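Enquirer: Dropping a prediction and its sequence here:
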Amino acid sequence: MVKDDIILTNGEFIIDHEAKDWLDQVCGTIKDAVGDHPTMCMYPYRKDGCDYLAMDFDESAGNVTGRRPNGFSLTIAIAPYGKCELELPKVCCRELVPTIRDGLDAITIAGILATRLSAAVFFNLDSAEP
């Protein structure tokens, strides 16, 4: 968990040490869940006055062998006046909902994850919640 009064990024990379550790663990958890080169479907939405950036990670089509593909969901809550909470993933975790204070941080986190995972990124605006 990081302090609630920090900005995690400078718009290009993570600048907070605790956030770097969190991102490393999240990246490892996603890789464990979906393997290398997943698909990453992103969509923003707003619910009950809070903005979210959802990212669903799925195994690439080449990893599926007649079974249901594995997935991982990361939904970042963006709460400018809320407390920053970066919960560490637990073993066999398939979903995380961290809270951060800045939309630029959410986009930077998404970009870093996509790059580190060599993910094929898609934007699914049609399935965004009303």
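Expert: The structure has been received and is ready for your questions.

Enquirer: what about residue 81, neighbour count?
Expert: 5 (other Cβ atoms under 10 Å). C-betas here are computed from N, CA, C, even on glycine.

Enquirer: Show me the shaky parts of the chain.
Expert: 1-15, 61-69, 125-130 (pLDDT under 70).

Enquirer: Could you tell me how far residue 36 is located from residue 78?
Expert: If you measure residue 36 against residue 78 using Cβ to Cβ, to the nearest Å, the figure is 29 Å.

Enquirer: neighbour-wise, which of the two wins?
Expert: residue 78 (20 against 12).

Enquirer: Quick check: phi and psi at the closest residue to that one other than its chain neighbours.
Expert: Take residue 78 and drop its neighbours on the chain: the residue closest to it by Cβ to Cβ, 6 or more residues apart in numbering is residue 51, 4.3 Å away. For residue 51, the backbone dihedrals are phi -90, psi 150 (criterion: degrees, to the nearest 10).

Enquirer: Give the full set of residues in contact with residue 51.
Expert: Listed by Cβ atoms under 8 Å, 6 or more residues apart in numbering, the contact partners of residue 51 are 44-45, 77-78, 103.

Enquirer: Okay then, goodbye and thanks.
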